[in-house]
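*Asks:* this one's structure only:
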Ligand code: AMP
């Protein structure tokens, strides 16, 4: 892509039409881009804001070719884009993020190897393909541990926690189903944080403030910003980010989830796209993770980032939404985002709330008093 080609007013294709695609689309629209979303579900959340939807499955090569023909550049809202198709788009010169970051992040084995190659600390792990591998992992890594599928897991799907030998029968059944797993030591972390950042095509990085994440049943429940971690941890997290971004050749908004124990960090997971823990940036920063993403892939200069001082994001799931919407007062300080999903299913993310303040302690105290967190 020539450096002076800003793609202003052109058409962006988005693979995946869920909430991340929808929030990208909202931003891209106010920036004046046209949008075409590829998603198998008619009128999916992002399609409700797009100029056009290509209704097709994600592995439909013909549909991807049509998307490439009809658009000037393509991005995605999830990492499980078919690699062959991503390479095709890259060859066509319309995938500014490249195929490599997808290749690495869509497979936990490759992701772990890339982390080790770039000198990062990760929880002790072993790749498991047979029952013998499993027994060996139990001997060397021990309990508690977590077994994760190498591909396709999200929001707690594709992982089981193992506490003792009694869990091995379930582990063997899980292995028989998935064939290749990661056996990972359970980290007794002090907190989980995520670094959400954006890297331009020129390699320049801008960081959003680091958020502290609380998960429930492996699904993100809240992100509170700023994270209560030491300056040493912040420095280490940024150094790790630079090394990872360089190794992978990141372009666009990207998230790194980390476990923090005292001043140690362990990289847990990478996401080559805007991330749930970065939603607070929409109201709490001068530029959101989505706008910065669109700027990066369109080769526009990245904006410097300013933050109001404090934010809490709460995910709304099909099964907790009533608790927030039952009384109007509960929303008096909430920015409400609903994703336009047809059905409210338990454990399914259907929206989020963001609360913004200048002071973290005051905000957290208010939210606790109101039983909002
Ligand atoms: P993941 O899909 O790997 O991000 O896992 C989802 C959530 O499960 C994480 O954010 C943690 O809260 C928990 N988790 C996953 N792996 C581990 C681990 N090795 N040690 C402790 N908690 C974990």
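*Replies:* Yes, it's here. These numbers were taken from a predicted model, which means no experiment stands behind them.
*Asks:* Could you use CA atoms for every contact and neighbour count after this?
*Replies:* Noted.
*Asks:* so what does the lengthiest helix in the chain touch, helix or strand wise?
*Replies:* Criterion DSSP state H: the longest helix present in the chain is helix 231-248. Helix 231-248 sits against helix 100-105, strand 191-199, strand 264-271, with contacts defined as 3 or more CA pairs under 8 Å, 6 or more residues apart in numbering; DSSP states H and E.
*Asks:* So is the second one next to the ligand?
*Replies:* Okay, so that is strand 191-199. No: on the criterion CA under 6 Å from any ligand atom, strand 191-199 is out of touch with the ligand, staying 6.9 Å away.
*Asks:* on that earlier part again, from the helices and strands packed on helix 231-248, which stretch is densest packed?
*Replies:* Across the helices and strands packed on helix 231-248, averaging neighbours per residue (mean count of other CA atoms under 10 Å) puts strand 191-199 on top, at a mean of 26.
*Asks:* And the helices and strands packed on helix 231-248: which comes nearest residue 164?
*Replies:* Closest approach to residue 164 among the helices and strands packed on helix 231-248 is made by strand 264-271 (22.3 Å; CA to CA).
*Asks:* follow-up on the earlier one: rounded mean pLDDT for the longest helix of the chain, please.
*Replies:* Averaged across helix 231-248, pLDDT comes to 97.
*Asks:* thinking again about what came up before, right, and the helices and strands packed on helix 231-248 - which one's nearest residue 170?
*Replies:* Nearest to residue 170, of all these, is strand 264-271, at 23.4 Å by CA to CA.
*Asks:* Excluding chain neighbours, what is closest to the residue nearest the centre of the chain?
*Replies:* Nearest to the geometric centre of the chain sits residue 275, at 3.3 Å (CA atoms, centre = their mean). Once flanking residues are discounted, residue 275 sits nearest to residue 255: 6.1 Å by CA to CA, 6 or more residues apart in numbering.
*Asks:* Without its sequence neighbours, what residue ends up closest to residue 74?
*Replies:* residue 13 (4.4 Å).
*Asks:* What helix or strand is that neighbour located in?
*Replies:* strand 11-15 (DSSP states H and E).
*Asks:* picking up where we left off before, so can I have TSV of the helices and strands packed on helix 231-248 showing mean pLDDT?
*Replies:* Shown next, in TSV, are the helices and strands packed on helix 231-248 (pLDDT from 0 to 100):
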stretch	mean pLDDT
helix 100-105	97
strand 191-199	98
strand 264-271	97
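*Asks:* Out of these, which gets nearest to residue 21?
*Replies:* strand 264-271 (14.2 Å).
*Asks:* Between helix 231-248 and that closest one, find me the angle.
*Replies:* For strand 264-271 against helix 231-248, the angle by axes from the mean of the first three to the mean of the last three CA atoms, to 10 degrees is 40 degrees.
*Asks:* Verify the stated contact: the residue nearest to the centre of the chain with residue 194.
*Replies:* No: Residue 275 is beyond contact range of residue 194, at 9.2 Å (criterion: CA atoms under 8 Å).
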